[in-house]
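Colleague: predicted model and sequence below, questions to follow.
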Amino acid sequence: MTGLNGDLLADLESRGLVAQMTGENGLADYLKEAPRTLYCGFDPTADSLHIGHLVPLLALRRFQQAGHKPIALVGGATGLIGDPSFKAQERQLNTPDVVAGWVDRLKGQVSRFIDFDCGENSAVVANNLDWFGPMTALEFLRDIGKHFSVNNMIAKESVKQRIDREGSGISFTEFSYSLLQALDFAELYKRHDCTLQLGGSDQWGNITAGIDLARRMHGGAVHGLTMPLVTKADGTKFGKTESGTVWLDPAKTSPYAFYQFWLRTADADVYKFLRYFTFLSLEEIAAIEEADRQGGRPQGQRHLAEQMTELIHGRDGLEAAQRITDALFSGELGDLSEQDLEQLRLDGLPCAELQRSQLAELPLTQIFADVGLASSGKQVKDALGRNAVWVNGVAIGADANMKAGEVFAEPNARAGIYYIVRLGKKSYQMLVVR
RNA sequence: GGUGGGGUUCCCGAGUGGCCAAAGGGAUCAGACUGUAAAUCUGACGCGCAAGCUUCGGUGGUUCGAAUCCACCCCCCACCA
């Protein structure tokens, strides 16, 4: 890590990563003057973080690289309550033991992005259950609640739709959420001299609540910075695919699927995403954009996919993802050796094992739907009818539906047991038939 | 507690006795075109290879036949208290 980098905030702004901040220009000077301690919270709402968490998560790393000390706060307490900010509906509460399990998972994930052994600005992971756990209801109401005005709270934009809107209300539990997050900031200020909170732009209300509380309880002058929510040019939600959320946990979203997700980024988004998510310099990104403008196949998506996959899954994860991608999308399935096929399987190409003896009676629609290549037999049927299904590179028609035995006849296999099934342009599935 | 309005397939939203597996839009999937992009066009879109099977908050009922009519129940919303 280099010394204090005075251009940090300017860099963030140039990347479009600053939505709001306190004191406007004052924060830039504040960060230049000395190394500061900052935090960002992550609530355990699932057993893994997803790519929607990346912007703030990577921001912690950017700050650390610039010489500041990051605290990753995992919300063992706040995760039990549920943040109502800009949510349309009341959340379902999760049980304490489930949340505790998720806290452990998130701690591990978060830890991969920041350095815990780099001297003065080594990172810290905290859990707000440490201070909320021992607190009694009376202490909370007297010591914390007294600092908040309900009049102000109901005026906040983040809960407005829950209060105004017909069809949904807000429970006292969720309404109280911002008090918890506010105390987090005050507490981290007291414990670690933490004077800056980062968050997504939906967190602004919670952050300002924390700034007020830190001042009222401890007389601290602390700051807030929010980053924009990631949006896509076509208006659809970022971070979702047909198969759901893109997780950071390789067991939930394989490095291959992760790589493919980024590779499929729209042109209209790709350079923005490079600025948002990667550590490539703005000059490098501008050069990529310029090169793409010259024509030829765009390289922005490739750079993005490579950078992100390596960042999240490491060099090995990236290489595995690229091995699969190269094998499947080069159109040269025939060149694959048994070792190659076995490697693809290890690399995370979806794979299912079937008994040869069962195949003859089953329609292909059922086989492919069962292994997850399509969500229903209807989809398989549609694809078969359009000659959009290939087994080891050979197109299969609708008339073969009841002829699984022939389709998967042993001579058609690679190394006797391997079949690579492709449905449509981008869905691949390995079948091992014994 | 009273009065009124609602609960339809992933979402929004038509449908008020048969022509309804249910209009239309969105989302999603596939095809064409491309660059594993976007836009556009085409097809699919409850489940099932098919015969057929199961849906319209729930339970009963009326009817040859119900998402549509009746009864009761559950839930939501608005206004009143």
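Modeller: It's in. Numbering: from 1, shown residues only, chains lettered A, B, ... in the order given.
Colleague: count of residues packed around the closest residue to A:Glu157 other than its chain neighbours?
Modeller: Nearest residue to A:Glu157, sequence neighbours excluded (C-beta to C-beta, 6 or more residues apart in numbering): A:Gly205, at 6.7 Å. Backbone N, C-alpha and C define where each C-beta goes, glycine included. Counted by other C-beta atoms under 10 Å, the residues lying close to A:Gly205 total 23.
Colleague: tell me what the strand or helix carrying A:Gly205 is packed against?
Modeller: If you go by DSSP states H and E, A:Gly205 is part of helix A:204-218. Helices and strands touching helix A:204-218, by 3 or more C-beta pairs under 8 Å, 6 or more residues apart in numbering; DSSP states H and E, are helix A:157-164, helix A:177-192, strand A:194-200, strand A:223-227.
Colleague: any chance of a markdown table for these, columns mean pLDDT, distance to RNA strand B and mean neighbour count?
Modeller: A markdown table is the format used below for the helices and strands packed on helix A:204-218 (pLDDT from 0 to 100; distance: least, C-beta to the nearest atom of the strand, whole Å; neighbours: other C-beta atoms under 10 Å):
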| stretch | mean pLDDT | distance to RNA strand B | mean neighbour count |
| --- | --- | --- | --- |
| helix A:157-164 | 75 | 9 | 16 |
| helix A:177-192 | 95 | 20 | 23 |
| strand A:194-200 | 95 | 22 | 25 |
| strand A:223-227 | 95 | 24 | 24 |
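Colleague: show me where pLDDT drops low in the stretch 251-400 of chain A?
Modeller: Scanning the stretch 251-400 of chain A for pLDDT under 70 picks out A:331.
Colleague: disregarding residues adjacent in the polypeptide, which is nearest to the closest residue to RNA strand B within it?
Modeller: For the stretch 251-400 of chain A and RNA strand B, the shortest gap (C-beta to the nearest atom of the strand) falls at A:Gly377, measuring 2.2 Å. Nearest residue to A:Gly377 in three dimensions, chain neighbours excluded: A:Thr365, at 3.5 Å (C-beta to C-beta, 6+ apart).
Colleague: so who does the one you found touch?
Modeller: Shown in contact with A:Thr365 (C-beta atoms under 8 Å, 6 or more residues apart in numbering): A:377-378, A:380-381, A:384, A:401.
Colleague: in these, find the pair that's most separated.
Modeller: Farthest-apart pair in those is A:Lys378 and A:Asn401; separation 12.2 Å (C-beta to C-beta).
Colleague: higher neighbour count, those two?
Modeller: A:Asn401 (21 against 11).
Colleague: correct me, but that one touches A:Gly385?
Modeller: No - taking C-beta atoms under 8 Å as the definition, A:Asn401 is not a contact partner of A:Gly385, at 9.5 Å.
Colleague: re the thing from before, including distance to A:Ile288, could the helices and strands packed on helix A:204-218 go into a markdown table?
Modeller: Formatted as a markdown table, the helices and strands packed on helix A:204-218 follow (distance: least, C-beta to C-beta, whole Å):
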| stretch | distance to A:Ile288 |
| --- | --- |
| helix A:157-164 | 36 |
| helix A:177-192 | 38 |
| strand A:194-200 | 26 |
| strand A:223-227 | 22 |
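Colleague: get me the contact residues on the stretch 201-350 of chain A for RNA strand B.
Modeller: A:234, A:236, A:241-242, A:260, A:263-268, A:297-298, A:301, A:325, A:329 (C-beta under 7 Å from any atom of the strand).
Colleague: strands of chain A, start to end?
Modeller: With DSSP state E, the ranges of strands along chain A come out as A:20-21, A:37-42, A:69-74, A:124-127, A:194-200, A:223-227, A:240-241, A:244-245, A:351-354, A:389-391, A:394-396, A:418-423, A:427-433.
Colleague: the third one pairs with which strands?
Modeller: Pairing partners of strand A:69-74, with direction, according to DSSP bridges: strand A:37-42 (parallel), strand A:124-127 (parallel).
Colleague: hey, which of these is tucked in deepest?
Modeller: strand A:37-42 (a mean of 24; mean count of other C-beta atoms under 10 Å).
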